[in-house]
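1. Fold the stuff below for me.
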Amino acid sequence: SLSQPEREGMFHRGPGLNLTSGQYTAPIAGYYAFTTTLHIVRREPRRKGQGRPGSRLRVLVCVQSRCQHNSHLETVSRLESSGDLFTISVTGTLYLQAGQYASVFVDNTAGSPLTVQRGSHFSAILLGV
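-> This next block holds a predicted model:
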């Protein structure tokens, strides 16, 4: 059953997604396809010569918040100094036991504050058991 959106443009189906915690909890054990697309703005006053080489942004989908283990999906993007808006996507399949959760993490090595913009999304679809 489709539930009422909390904000315009949002919807979720099924009991697994908790919008407060940002976690998707698997109702049954199986393989789940995860997709997240984040629109991220870097909030930083422009200064000449700023922009560290090697600044990067990692976006991960992790099971049980264990991003250091193998049970995660990851995308790494270099932050160029020529833009303040970045769109980063992660997609892939993870196996979850019933009751395990998956959530999105952003690892920011840029040293400047980041804001996730409206229009970003996170989804999980059961592929099979």
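2. For the chain, just list every one of the strands.
-> 17-18, 23-25, 30-42, 56-63, 72-78, 85-96, 101-108, 114-116, 121-128 (DSSP state E).
3. can you list contacts of the second one?
-> With C-beta atoms under 8 Å, 6 or more residues apart in numbering as the test, strand 23-25 has contacts from G16, L17, N18, Y32, F34, G99, Q100, Y101, A102, S103, F122, A124. From N, CA and C alone the C-beta is placed, and that goes for glycine too.
4. Just the buried subset of those residues, please.
-> Among these, the ones that count as buried by 16 or more other C-beta atoms under 10 Å are G16, L17, Y32, F34, Q100, Y101, A102, S103, F122, A124.
5. And the furthest pair within the residues you listed?
-> Largest separation among the buried ones among the contacts of strand 23-25 by C-beta to C-beta: Q100 and F122, giving 15.9 Å.
6. sorry, back to before: output the strands of the chain as a markdown table; include the columns mean pLDDT.
-> Formatted as a markdown table, the strands of the chain follow (pLDDT from 0 to 100):
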| stretch | mean pLDDT |
| --- | --- |
| strand 17-18 | 73 |
| strand 23-25 | 90 |
| strand 30-42 | 92 |
| strand 56-63 | 90 |
| strand 72-78 | 88 |
| strand 85-96 | 92 |
| strand 101-108 | 90 |
| strand 114-116 | 86 |
| strand 121-128 | 91 |
